[in-house]
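Peer 1: pasting the sequence and the predicted model now:
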Amino acid sequence: WVWSDRSAIWGEGPECEWEYVICEGNEVFQLNISNMNVMGAVPSEIGALSSLRNLSMTNNGMGGFLPESMSRLSNMEHFDIGFNRFISNVPEWFGNWTNLSWLSLNHNDFSGELPTSLFGLTGLRNMNLEYNELSGSFPVEISSLTNLEYLMVEQNGLEGPLSLFGELTSLRVLNLFSNDFEGNLSGIVDLVNLESFKVSGNGVTGSIPSEFGRMTNMMFFVAADTSFEGSIPPALFDGMRKLIEFELYSTEISGEIPTEIGYLESLVECTFVNIDLSGTIPTEVGLLTSLVALEMQNTGCTGTLPTELGRMVSLAWLTLSNNDLQGTIPIELEQLNNLEKVIIKGNPKLTGTTAPDLCNLQTYELEISSFVDCPCCTNRENQN
């Protein structure tokens, strides 16, 4: 290994006296060299640390192949090498680490198919494979990892049916963003402990089951560039009252926004973009006092802007472009002192004059359809 100042990092005495090494007796059981600007490959001599249980090497400039000698580290429990430049297939010999509970290989250059030996590690609680070049069918043996709580495979080329994960009822985080998984959500309705579900950029079809409302701990629900259809079930918002982020865009979802959205008192970010909604913006949005960003673009929403928008005291970003809104801009928006960005262009049926005090808010961007008199608006051209 190569580092800029070895003595400053490690010291000059025995390894058990080095700052980033922890020993039991004379045996090294923890080595943490994360964020140390360590370069080069992992030396094969690491295989001699037979008592090593915790190895963290994140966010360095390390790379190359993981040495075969590491297969002898059979006591490993926590292995984290994220944000480096390691290459090759995920090693088969990970299956030797039968005590492993935490595996993070994210943000590297691992490629190829996942070895089935990985899924014999029944004590795994965390598997983070995000941002690699993995491909092929996700092994069906994943169903054996019943203790798994965190599964993150974002930005790979993995494929398979969503139902593969349907028996992993301990899951709290399931991030499948930007892969080639397919099927519908009915196969995972029993994952009632989910707190975060991100499925954007996959071949997911069908409707959002009302049974998802049983996921009462859900905080992050993100679905974009999918083939979802049908309407948003009211039970979704009725059950997911801990939601912090809800994003639904570029799907085949249609219908009205359920009035139950008013139950989401913890919601911070809400996005509806490029979906075929109908009906009006429900007045219940005024109950979302924690909401910081509301984005509704290209949805087809109709009707007037509810005056209840003025109750969203945390709102900083309001984007309602390219809908079918009509009437006037509510004067109640003047009450939103945290507003930084307001974009309501592309609604030619809006009329009237912008409330004078709206121009006095701390907005750095204010764009409203040109049919509305707005002397302080920016980028007025071509807003219809």
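Peer 2: Nice, I can see it.
Peer 1: just the buried positions in stretch 264-276, please.
Peer 2: Neighbour counts over stretch 264-276 (16 or more other C-beta atoms under 10 Å) mark 264, 266-273, 275 as buried. In this view, the C-beta of every residue, glycine as well, is placed from N, C-alpha and C.
Peer 1: give me the residues contacting it.
Peer 2: 219, 237, 240-254, 257, 261, 287-300, 314 (C-beta atoms under 8 Å, 6 or more residues apart in numbering).
Peer 1: and these, which of them are in helices?
Peer 2: Among these, the members falling in helices (DSSP state H) are residue 237.
Peer 1: least trustworthy helix or strand in this structure by mean pLDDT?
Peer 2: helix 6-10 (a mean of 50; mean pLDDT, DSSP states H and E).
Peer 1: so what secondary structure elements neighbour whatever helix or strand comes next after that one?
Peer 2: Where DSSP states H and E defines the elements, the next helix or strand beyond helix 6-10 is strand 21-24. Under the contact criterion of 3 or more C-beta pairs under 8 Å, 6 or more residues apart in numbering; DSSP states H and E, strand 21-24 touches strand 27-32.
Peer 1: now the strand it packs on: average pLDDT?
Peer 2: When pLDDT is averaged over strand 27-32, the result is 95.
Peer 1: who does that strand pair up with?
Peer 2: Sheet pairing for strand 27-32, assigned by DSSP bridges, gives strand 21-24 (antiparallel), strand 54-56 (parallel).
Peer 1: quick check: what element follows that strand along the chain?
Peer 2: Counting by DSSP H and E, the element after strand 27-32 in chain order, helix or strand, is strand 39-40.
Peer 1: and that next one, how far out from the chain's middle?
Peer 2: Put simply, strand 39-40 sits 30 Å off its chain's centre (C-alpha atoms, centre = their mean, to the nearest Å).
Peer 1: mind checking how far stretch 230-248 is from the chain centre?
Peer 2: Between the centre of stretch 230-248 and the centre of its host chain there is 16 Å, according to C-alpha atoms, centre = their mean.
Peer 1: for it, list every residue counted as buried.
Peer 2: In stretch 230-248, counting by 16+ other C-beta under 10 Å, buried: 231-248.
Peer 1: so what's the residue count around residue 372?
Peer 2: Residue crowding around residue 372 was assessed by other C-beta atoms under 10 Å; the count is 19.
Peer 1: my read: it touches residue 346, true?
Peer 2: No - Residue 372 is beyond contact range of residue 346, at 11.8 Å (criterion: C-beta atoms under 8 Å).
Peer 1: ok, residue 373 - contacts?
Peer 2: By C-beta under 8 Å, 6+ apart, residue 373 lies in contact with 352-354.
Peer 1: nearest to residue 44 among the residues you listed?
Peer 2: Residue 44 has its nearest neighbour among the contacts of residue 373 in residue 354, at 69.1 Å by C-beta to C-beta.
Peer 1: apart from its chain neighbours, what residue comes closest to the closest one?
Peer 2: residue 374 (4.1 Å; C-beta to C-beta, 6 or more residues apart in numbering).
Peer 1: tell me the spacing between the one you found and residue 368.
Peer 2: Separation of residue 374 from residue 368 (C-beta to C-beta, to the nearest Å): 5 Å.
Peer 1: turn the contacts of residue 373 into JSON lines, including secondary structure, distance to residue 24 and neighbour count.
Peer 2: Shown next, in JSON lines, are those (DSSP: H, G, I helix; E, B strand; the rest coil; distance: C-beta to C-beta, whole Å; neighbours: other C-beta atoms under 10 Å):
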{"residue": "352", "secondary structure": "coil", "distance to residue 24": "74", "neighbour count": "13"}
{"residue": "353", "secondary structure": "strand", "distance to residue 24": "74", "neighbour count": "12"}
{"residue": "354", "secondary structure": "coil", "distance to residue 24": "69", "neighbour count": "22"}
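Peer 1: returning to what we had before: quick one: which of the buried residues of stretch 230-248 sit in strands?
Peer 2: With strands taken from DSSP state E, the overlap with those comprises 245-248.
Peer 1: re the thing from before, need the contact list for the residue nearest to residue 354.
Peer 2: Shown in contact with residue 374 (C-beta under 8 Å, 6+ apart): 353-354, 359, 366, 368, 380.
Peer 1: now for the residue nearest to residue 324 when sequence neighbours are not counted, how many residues are close by?
Peer 2: Among residues not flanking residue 324 along the chain, residue 302 sits closest, at 4.6 Å (C-beta to C-beta, 6+ apart). A count of nearby residues for residue 302, using other C-beta under 10 Å, gives 15.
Peer 1: try residue 72
Peer 2: Counted with other C-beta under 10 Å, residues neighbouring residue 72 total 16.
Peer 1: am I right that it is in contact with residue 47?
Peer 2: Yes - contact criterion C-beta under 8 Å: residue 72 and residue 47 qualify, at 4.7 Å.
Peer 1: what's the spacing between the residue nearest to residue 324 and residue 250?
Peer 2: As judged by C-beta to C-beta, residue 302 and residue 250 stand 21 Å apart.
Peer 1: and if you look at residue 133?
Peer 2: 25 Å.
Peer 1: for the two, indicate the residue with more neighbours.
Peer 2: More neighbours surround residue 250 than the other of residue 133 and residue 250, with 17 against 13 (other C-beta under 10 Å).
Peer 1: hmm, back to that, so which of the strands paired with strand 27-32 comes closest to residue 197?
Peer 2: strand 54-56 (27.4 Å).
Peer 1: now do the closest one: everything it contacts.
Peer 2: By C-beta under 8 Å, 6+ apart, the surrounding residues in contact with strand 54-56 are 22, 29-34, 73, 76-81.
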